[in-house]
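> Starting from these lines, generate the structure:
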Amino acid sequence: MTPIEILAVVFAVLVLLKLLFVAVNPKVWMKGVDSIVSNYAFTTIVYVLLTVIIGYIIFKSLSIVQVAAVMLFTSVLIGLTMVPYLDKLLALGKEIVGTRSEMFRRAWLAIVIWAGIAVWTLYAVFA
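Just a heads-up that it's a prediction; the model follows:
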């Protein structure tokens with residue numbers, strides 16, 4: 001299997017396991033998630049490491065344009081998942097952007113990555 005295929009299999013297995021856990025006992029799932037993400041520093045480190053490792057594998061195999069197209073698809077799918085929760089999502093969004101400086105202070109790394117991918121994509125398409 002190629003590295004991309006391995007990532008795809010890991011993704012598929014994790015999605016199916018999550019759906020199974022949520023369908024069987026959502027409270028147990030949420031308790032597990034809560035225990036994993038309750039430590040902000042640890043969670044941040046894990047996500048940064050996963051972003052770097054998975055990003056490295058993906059960008060060795062796919063072009064930025066392909067990655068951006070998949071990210072658009074994923075973003076739309078996540079949006080579709082969130083439609084039933086729009087009232088809560090809008091309230092959360094207002095809280096997040098309530099103080100712009102707070103938002104950038106807390107999420108600066110993700111914002112830099114999103115902006116970098118967007119600029120890189122535009123450069124790849126139009127340069």
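
> Where in the chain is the helix or strand with the lowest mean pLDDT?
Least confident helix or strand, the chain: helix 86-97 with a mean of 86, by mean pLDDT, DSSP states H and E.

> What is the subsequent helix or strand relative to that helix?
Going down the chain from helix 86-97, the next helix or strand is helix 100-126, by DSSP states H and E.

> So which bits of that next one are buried?
117, 121 (16 or more other Cβ atoms under 10 Å). Quick note: C-beta positions are derived from backbone N, CA and C, even for glycine.

> State the distance from W114 to V9.
According to Cβ to Cβ, to the nearest Å, W114 stands 26 Å off from V9.

> Revised request: answer the last question for K27.
With the distance defined as Cβ to Cβ, K27 ends up 28 Å from V9.

> Looking at the two, which one has more neighbours?
V9 (11 against 8; other Cβ atoms under 10 Å).

> Touching, that one and M1? I think so.
Yes: counting by Cβ atoms under 8 Å, M1 is a contact partner of V9 at 7.2 Å.

> Show the contacting residues for F21.
Neighbouring residues of F21 by Cβ atoms under 8 Å, 6 or more residues apart in numbering: 28-29, 32.

> Try it again at 10 Å.
With contact set as Cβ atoms under 10 Å, 6 or more residues apart in numbering, F21 has these partners: 28-30, 32-33.

> Which pair of those residues spans the longest distance?
V28 and V33 (9.8 Å; Cβ to Cβ).

> I6: what's it in contact with?
Residues in contact with I6 (Cβ under 10 Å, 6+ apart) are I57.

> Who wins on neighbours among the contacts of F21?
Of the contacts of F21, with other Cβ under 10 Å as the count, W29 tops at 17 neighbours.

> about what we covered before: mind putting the contacts of F21 in JSON lines, pLDDT included?
Below are the contacts of F21 laid out as JSON lines (pLDDT from 0 to 100):
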{"residue": "V28", "pLDDT": "89"}
{"residue": "W29", "pLDDT": "88"}
{"residue": "M30", "pLDDT": "91"}
{"residue": "G32", "pLDDT": "87"}
{"residue": "V33", "pLDDT": "88"}
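
> now those in TSV, with secondary structure and distance to V22?
Shown next, in TSV, are the contacts of F21 (DSSP: H, G, I helix; E, B strand; the rest coil; distance: Cβ to Cβ, whole Å):
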residue	secondary structure	distance to V22
V28	helix	9
W29	helix	5
M30	helix	9
G32	helix	11
V33	helix	10
